[in-house]
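J.: this one's structure only:
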């Protein structure tokens, strides 16, 4: 099919969804590409992924409930390069991972936010300087003194969540709930003040549910979220209010469901995105890449 026909069909599809004229910013996408198969047995329940800043071309991933407080560095072919234990931290259910740059330094943020039964009185974030891979080192640790722990509470009843991200412009923290009729966006100013506990502020609800992952692009020009069957994509103008962008109809990114895909990340070298899955029942998991170009 010729490219201009593809563009026309895409615009017509957006018209049907939104009832508006085709957006001025057009998002073109390619078929997914398998970059590598997850083979290390330690990586059996991957639920979060981000592109590394300090280790270009690599990715940080985490397992969810059942694993210790641990983060893993994988290469672009999904090979495990090194695992890092968080000393002195007892994790409950780490479900997602995010990145933030503070004072010119890259930090990793692990979201201990899972709560399937909605019984937790508080959630936890583990924040630490992003490690740099040491040649020949396969197992390493992050000292407790390097880890900042911030606690979160919902303003009402407890909820389950598996998705977090941080706006690189104002360092605002965002969390997206999962097990609600409509997934909701919450925020907290965790990098302002020296409090240990922050109350999550409800911002808005989305016309979909069961969100398992989210990320914001390094260039701050797009936000992406996903559930088990769909990817949702919002273009974001430079320095534009994030909330206003998320109130608009998201653009669909054609997605081929994976065994239990709960992780998504923007690439740092392109406008593309990566997804990766857990391995339920021993099914294969791959690091997938979706090329995206914007016009």
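T.: Looks like it came in fine. None of these values were measured; they are calculated from a predicted model. Numbers count the residues shown, from 1 in each chain.
J.: From here on, just use CA atoms for contacts and neighbour counts.
T.: Fine.
J.: now the helices for the chain?
T.: Ranges of helices in the chain, per DSSP state H, are 3-18, 242-246.
J.: and those helices, which one is worst for confidence?
T.: When these are compared by mean pLDDT, helix 3-18 comes last with a mean of 33.
J.: Residue 93 reaches residue 110, doesn't it?
T.: No. With contact defined as C-alpha atoms under 8 Å, residue 93 does not count as touching residue 110 (10.2 Å).
J.: which of the two has more neighbours?
T.: residue 110 (26 against 22; other C-alpha atoms under 10 Å).
J.: so where is the stretch 151-295 of the chain shaky, pLDDT-wise?
T.: Where the stretch 151-295 of the chain drops to pLDDT under 70, the residues are 294-295.
J.: now the stretch 1-150 of the chain
T.: 1-26.
J.: all strands of it, in order?
T.: Along the stretch 1-150 of the chain, counting by DSSP state E, counting those that start in this stretch, strands occupy 27-29, 33-37, 46-51, 59-63, 70-74, 80-86, 94-102, 105-112, 123-129, 139-142, 148-153.
J.: do the same with the stretch 151-295 of the chain
T.: Secondary structure of the stretch 151-295 of the chain by DSSP E, counting those that start in this stretch: the strands cover 161-166, 173-177, 184-188, 197-199, 201-205, 213-216, 222-226, 231-235, 251-253, 261-266, 273-277, 286-290, 292-294.
J.: Which of the ones you listed sits closest to residue 124?
T.: Proximity to residue 124 (C-alpha to C-alpha) singles out strand 197-199 among the strands of the stretch 151-295 of the chain, at 8.9 Å.
J.: So what touches stretch 173-183?
T.: 159-167, 184-190, 205-212, 214 (C-alpha atoms under 8 Å, 6 or more residues apart in numbering).
J.: any idea how far the closest residue to residue 142 other than its chain neighbours is from residue 144?
T.: Spatial nearest neighbour of residue 142, chain neighbours left out: residue 86 (5.0 Å); criterion: C-alpha to C-alpha, 6 or more residues apart in numbering. Using C-alpha to C-alpha, to the nearest Å, one gets 7 Å for the distance from residue 86 to residue 144.
J.: Pick out whichever of those two has more residues nearby.
T.: In this view residue 86 and residue 144 are compared by other C-alpha under 10 Å, and residue 86 has more residues nearby, 21 against 13.
J.: what residues are up against the residue nearest to residue 142?
T.: Contacts for residue 86 (C-alpha under 8 Å, 6+ apart) come out as 69-71, 141-144, 147.
J.: picking that back up, and the strands of the stretch 1-150 of the chain, which is most packed in?
T.: Compared across those, strand 46-51 shows the largest average neighbour count, a mean of 29 (mean count of other C-alpha atoms under 10 Å).
J.: What pairs with that one, parallel or antiparallel?
T.: In the sheet, strand 46-51 lines up against strand 59-63 (antiparallel) (DSSP bridges).
J.: nearest to residue 199, of the contacts of residue 86?
T.: residue 147 (20.7 Å).
J.: doesn't residue 124 make contact with that closest one?
T.: No. The criterion here is C-alpha under 8 Å, and residue 147 misses it with residue 124 at 11.9 Å.
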